[in-house]
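Engineer: need coordinates for the following:
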Amino acid sequence: MTRVALSSRPVTDEVGASVLAFLCLFLGSIVAGTVMLSAFGLDLDTSLSATVTALANVGLGIGPIVGPAGNFSSLPDGAKWVLSAFWVPSMASLPLRRTSQIQLLPKVPMVVSLKLSRKPSTEPKV
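Structural biologist: Have a look, this model is predicted:
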């Protein structure tokens, strides 16, 4: 069996299982979103690209409706709610996302100095 290594350090089975679970959840969400948008009468290109755009926060979609020349305003209200349901958790989880346990870059001490206190001025206010 071939072991996966990153930066010459072996990836544990736990990390591999986590990556596989994320990939399955992500692809399953894309399929579910595409099916839900197709139920509103949208074509496959629009449904798929709008779902990926909302879920992965990648920008423009494909096709005339949500593509470079279009926007989401012409979608039915229910489709907008579905896309919002996919978009909000992906944005809300940004502060919660952590780097993996594997250190990709060497730790470099970072020195940050801020002067937070100011001495009150002795000049009278006018």
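Engineer: contacts and neighbour counts: CA atoms only from here.
Structural biologist: Fine.
Engineer: mind checking what helix or strand follows the strand or helix carrying residue 22 in sequence?
Structural biologist: Following DSSP states H and E, one finds residue 22 within helix 13-38. Per DSSP H and E, helix 13-38 leads on to helix 44-56 as the next helix or strand towards the C-terminus.
Engineer: and that next one, what does it pack against?
Structural biologist: With contacts taken as 3 or more CA pairs under 8 Å, 6 or more residues apart in numbering; DSSP states H and E, helix 44-56 sits against helix 13-38, helix 77-92.
Engineer: point out where the protein drops to low pLDDT.
Structural biologist: 1-2, 89-126 (pLDDT under 70).
Engineer: 50 instead, please
Structural biologist: Filtered on pLDDT under 50, the chain yields the residue ranges 96, 99-102, 105, 108, 110-116.
Engineer: count the neighbours of residue 83 for me.
Structural biologist: Using other CA atoms under 10 Å, residue 83 is surrounded by 23 other residues.
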